[in-house]
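Asks: Build me a model from this:
(2 chains)
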Amino acid sequence: MRISELFTKTRKEAPADEVSKNAQLLIRAGFIHKEMAGVYTFLPLGLRVLENICQVIREEMNSAGGQELKLTTLQDPEIWQKTDRWDDKKVDVWFKTKLKNGSELGLGPTHEEPLVRALKPFISSYKDLPFLAYQIQTKFRNETRAKSGVMRTREFLMKDLYSFAKSEKEHDEIYKKFIDIYNKVFKRLGIGDQTFLTFASGGMFSQFSHEFQTVCEAGEDTIYLDRKKGIAVNEEVNNDQVLADLGLKRENLEMVRAAEVGNIFTLKDKFSSPFGLTYVAENGENQNVLMGCYGIGPSRLVGVIAELLGDEKGLVWPANIAPALVYLARLGEEKQVVKSANELYEHLTELGVSVIYDDRDERAGAKFADADLMGIPFRVVVSQKTVDSGNFEIKSRTGKDSQLLSEKDLIKKLVA
RNA sequence: CAGGGUGUAGCUUAGUUGGUAAAGCGCCGGGCUGGGGGUCCGGAGACCGGAGGUUCAAGUCCUCUCACCCUGACCA
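Replies: Below is the predicted model of the structure:
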């Protein structure tokens, strides 16, 4: 991608109505645009990050055996009435609308009901179980107060996976497996060392649900963290009994702000029962399918990663989710410099290295500042100096010094 | 939803006791520059969130309204 052709621009100043670090940096870098309170457009560079995050999640869900599908945004009230979740008094975040004929519809705030109904025709035998179904979809929640940039919005992307099992034992195995899978996801997204399994209230079906909380000042939750053990308890279940059950000692707990980036919980037959999602067991008896739910918010993750890794110069993206691996800064308009930069751009692109090529006639400072603000992992400079030396200059976003490398070594470093 | 705050150019802001809007960034044209947002000259760009009202006169005062931000509550 050539910057001269990119329609977004960076800004020196943050918008006055955004206080959160993630929104300030993402807007300054041209990654997002605020449409309304709690509603953000993802611009080309921001969309790349979002898609890359989704891809990491998708890979992990697929390798766990998840089957991707896509449910609808428009929701049929009938199925929500079945579980008593249509009433605004029961679920107060609904966005509701109407058909021309006057009948009501909702915009999906979550998707247990439609998924269970959609699956019903396909599930009838113990041989059909277990399985995992997931989607990455836009959710709509009419929050009373949107805040913290993309971290708490009214329209957001969510990956929700649902497990369907024959028995509690089978469900528990899947559930445990997903704790590991989630840890792997957050590690791959570059926030693994600050993201902790957190015990939270489990509702009626289990003692706990599990949250994945990333330590982050901009987060909305308060958790009590035992860093040594790598686990935490949410404020809501922070009592002596729970601590004893988990083998935690109060004096080892650190109270920290955190952002919930994932949440998994046991649903038992809460949804399968009202919809009659049953299977015939080997003994010929009808049994309720047992469900679990596993969520991750990719759009919130964009914000959390920006909050956590961003520095005074701007965003910092891990290589696997960055909008590009390389920011190629061409300094100067001399023929040989342009030729050298063009050739390197084409060569790297052919090799599958994603490059943002700054081919503008801008001063070095402006290009460096943009490279830093956008948080591109590597900055490669092509200038009269590098042409004369026959090498290229490379610097990592977070490193202090740059180094001169031959094209061969440069490629080796970037293709790795 | 309660409390508090803010709306002036694409962005960040200034605007005195009411007298018909100013600057920086960005943008357009040009000069000098050329490795951390450089500099100089010239230019385009705002009916001051919206609607009423007071007044000879409203960005400024009053009323209503909308939007946005913050704190809290809420987050199935």
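Asks: Can you tell me how far residue A:194 is from residue A:213?
Replies: 9 Å (C-beta to C-beta, to the nearest Å). C-beta: built from backbone N, CA, C; applies to glycine.
Asks: Give me the more crowded residue out of those two.
Replies: Residue environment comparison for residue A:194 versus residue A:213 gives the larger neighbour count to residue A:213, 27 against 18, counting by other C-beta atoms under 10 Å.
Asks: Do you know the pLDDT at the most centrally placed residue in chain A?
Replies: Geometric centre of chain A, nearest residue: residue A:298, 2.3 Å, by C-alpha atoms, centre = their mean. Per-residue confidence for residue A:298 comes out at a pLDDT of 97.
Asks: now do residue A:204
Replies: As predicted, residue A:204 sits at a pLDDT of 66.
Asks: Ok, residue A:164 next?
Replies: In the prediction, the pLDDT value recorded for residue A:164 is 98.
Asks: show me what contacts residue A:189?
Replies: The neighbours of residue A:189, taking C-beta atoms under 8 Å, 6 or more residues apart in numbering as the test, are A:53, A:56, A:301, A:305, A:318, A:320-321.
Asks: Check residue A:253 too.
Replies: For residue A:253, the contacting residues are A:224-226, A:232-233, A:243, taking C-beta under 8 Å, 6+ apart as the criterion.
Asks: rewinding a little: any of the contacts of residue A:189 buried? List them.
Replies: A:53, A:56, A:301, A:305, A:318, A:321 (16 or more other C-beta atoms under 10 Å).
Asks: quick one: residue A:316 and residue A:310 touch, right?
Replies: Yes. With contact taken as C-beta atoms under 8 Å, residue A:316 and residue A:310 are classed as touching, separated by 5.7 Å.
Asks: Turn the contacts of residue A:189 into CSV, including secondary structure.
Replies: Putting the contacts of residue A:189 into CSV (DSSP: H, G, I helix; E, B strand; the rest coil) gives the following:
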residue, secondary structure
A:53, helix
A:56, helix
A:301, helix
A:305, helix
A:318, coil
A:320, coil
A:321, coil
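Asks: Out of those residues, which two are the most distant from each other?
Replies: Of all pairs drawn from the contacts of residue A:189, the greatest distance, 12.8 Å, lies between A:301 and A:320 (C-beta to C-beta).
Asks: ok, residue A:243 touching residue A:251?
Replies: No. Between residue A:243 and residue A:251 there is no contact, the gap being 10.5 Å when judged by C-beta under 8 Å.
Asks: between these two, who's got more neighbours?
Replies: For the pair residue A:243 and residue A:251, the greater number of neighbours falls to residue A:243 (19 against 5), based on other C-beta under 10 Å.
Asks: Just say helix, strand or coil for the more buried one.
Replies: The assignment at residue A:243 comes out as helix when based on three-state DSSP.
Asks: distance between stretch A:143-154 and the chain's centre?
Replies: Relative to the chain's own centre, stretch A:143-154 is displaced by 15 Å; criterion: C-alpha atoms, centre = their mean, to the nearest Å.
Asks: List the buried residues for it?
Replies: Of the residues in stretch A:143-154, those buried under the neighbour-count criterion (16+ other C-beta under 10 Å) are A:143, A:146, A:148-154.
Asks: so how many other residues sit close to the closest residue to RNA strand B within the stretch 201-350 of chain A?
Replies: Minimum separation of the stretch 201-350 of chain A from RNA strand B (C-beta to the nearest atom of the strand) falls at residue A:331, amounting to 4.7 Å. The number of residues packed near residue A:331 is 20, by other C-beta under 10 Å.
Asks: Likewise for residue A:257?
Replies: Here the neighbour count serves as a burial measure; for residue A:257 (other C-beta under 10 Å) it reads 15.
Asks: And the strands in the stretch 251-400 of chain A?
Replies: A:254-268, A:278-280, A:286-288, A:290-296, A:326-330, A:355-358, A:378-382, A:392-396 (DSSP state E, counting those that start in this stretch).
Asks: which helices and strands does the helix or strand containing residue A:173 pack with?
Replies: In this structure, residue A:173 sits in helix A:168-188 according to DSSP states H and E. Counting contacts by 3 or more C-beta pairs under 8 Å, 6 or more residues apart in numbering; DSSP states H and E, helix A:168-188 is packed against helix A:44-63, strand A:155-165, strand A:195-201, strand A:208-215, strand A:254-268, strand A:290-296.
Asks: Give me every residue in the stretch 301-416 of chain A lying close to RNA strand B.
Replies: Taking C-beta under 7 Å from any atom of the strand as the measure of proximity, the stretch 301-416 of chain A contacts RNA strand B at A:313-314, A:331-333, A:361-366, A:368-370, A:372-373, A:379, A:381, A:383-386, A:393, A:395, A:402.
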